[in-house]
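Student: sequence plus the predicted model coming up.
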Amino acid sequence: MSDETADCREVLAEVYLYLDLECDEGRRGLIQTHLDECSPCLREFGIEQEVKALVARCCGGESAPTELRDRLRLRIEEIAAEPSFEAELRDLA
């Protein structure tokens, strides 16, 4: 993500880092600004937030192994970088 702006693909690739408070304050600020200004990303963020809350309720205090979290994060980033994903985001706008 660039220092001054964030595009939809970058924001959605980092949404779980944002939700889990795993990114620095500067990054959080960029993501929050983008979410405030981009309704498709805000809608997607809301869905992700609900999924996270549902998983937390269903799984109690359990957490995934670090290796699994790393593999999932990498896969999410790969999907977010695919051209078809970008086209879907444009269609939502």
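Tutor: Thanks, I have it.
Student: what is the end-to-end distance of stretch 31-47?
Tutor: The straight-line separation of the ends of stretch 31-47 (CA to CA, to the nearest Å) is 16 Å.
Student: list the buried ones in it?
Tutor: Neighbour-count burial for stretch 31-47, counted by 16 or more other CB atoms under 10 Å, picks out Ile31, His34, Leu35, Cys38, Cys41, Glu44, Phe45. Just so you know, the C-beta spots here come from the backbone N, C-alpha and C atoms, and that holds for glycine as well.
Student: how far does it sit from its chain's centre?
Tutor: Averaging C-alpha positions (CA atoms, centre = their mean, to the nearest Å) puts stretch 31-47 10 Å from its chain's average.
Student: cool, and stretch 50-63?
Tutor: On CA atoms, centre = their mean, the centre of stretch 50-63 falls 16 Å from that of its chain.
Student: try stretch 59-69
Tutor: 17 Å.
Student: hang on, the earlier thing: which members of the buried residues of stretch 31-47 occur in helices, if any?
Tutor: Ile31, His34, Leu35, Cys41, Glu44, Phe45 (DSSP state H).
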